[in-house]
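S.K.: After the sequence you'll find the predicted model.
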Amino acid sequence: MIRVQTNGMPNHCWSAAMGTPEEQDIDWQVEWMRTVTEERSESQVTDLTGLNELLCNIYVSSNDKVPSEASFEELSTADDVSWGIAVTGTSLFNGVSLNSVDPFYPAVYGTVTDPDSEVEVVDWCLCHPQTAGVLHYHSASTCIPDSTYWSGKTAPMSDDAKTIMQDEYQNGMADRAVLGLSKDGRVIYTPFYSGG
């Protein structure tokens, strides 16, 4: 078993353009890198509605969705939305916003009719607090390879998120570096890999 304990606050500076981050009591344990004997899916997708529910629902990563074989055990009453913890100690949310769209490149979908108004405001480390004060990332933080990345920049982040991630990871970190740990006990790697 591996145990994760953090207050949710990162090991780098942050700047909250909206909302105020609050310390959390995140404490859980899970079987470390368990052997998977067969591939299976908790969600059998048979139609577009099922696919949308799987890909466009921020709650798809809630604690009750962790496979039972992982022996996940929540030891605190912390946030239930994250799918893991980054090496910085900050929560990793999945790649959609509360309104079920990409937080950086939203599109017209569901109740979203004005995508420009849905772009989530983040700092240069690509983090921000949600309404309950949980500071989190939706993708690989630029401050993992270099905790001083945002030094000298003003918040909020005003460049293209994909471009700054590519630049920082290609210049500051080895391919396939560890990003964090998922609630099913697996290592989460950075998204950039020179081998394809």
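M.R.: Cool, the structure landed. Numbering: from 1, shown residues only.
S.K.: which stretches of the protein form strands?
M.R.: Assigned by DSSP state E, the strands in the chain fall at 2-6, 26-30, 73-74, 84-86, 91-92, 127-129, 135-137, 178-182, 187-189.
S.K.: Given the fifth one, what are its sheet partners and their directions?
M.R.: Here strand 91-92 is paired, per DSSP bridges, with strand 84-86 (antiparallel), strand 135-137 (parallel).
S.K.: what's the closest non-adjacent residue to residue 95?
M.R.: Spatial nearest neighbour of residue 95, chain neighbours left out: residue 138 (5.7 Å); criterion: C-beta to C-beta, 6 or more residues apart in numbering. Where C-beta positions appear, they are placed from N, C-alpha and C, glycine not excepted.
S.K.: any idea of the pLDDT on the one you found?
M.R.: On the pLDDT scale, residue 138 is placed at 88.
S.K.: likewise the one 10 residues further on?
M.R.: The predicted local confidence for residue 148 comes out at a pLDDT of 76.
S.K.: How about residue 41?
M.R.: 58.
S.K.: residues in contact with residue 15?
M.R.: 123-124, 150, 155-156 (C-beta atoms under 8 Å, 6 or more residues apart in numbering).
S.K.: Which members of those residues are classed as buried?
M.R.: Among these, those scoring as buried are 123-124, 150, 155 (criterion: 16 or more other C-beta atoms under 10 Å).
S.K.: Next, count neighbours for the nearest residue to residue 7 once chain neighbours are set aside.
M.R.: Spatial nearest neighbour of residue 7, chain neighbours left out: residue 23 (4.4 Å); criterion: C-beta to C-beta, 6+ apart. Neighbourhood size, residue 23 [other C-beta atoms under 10 Å]: 11.
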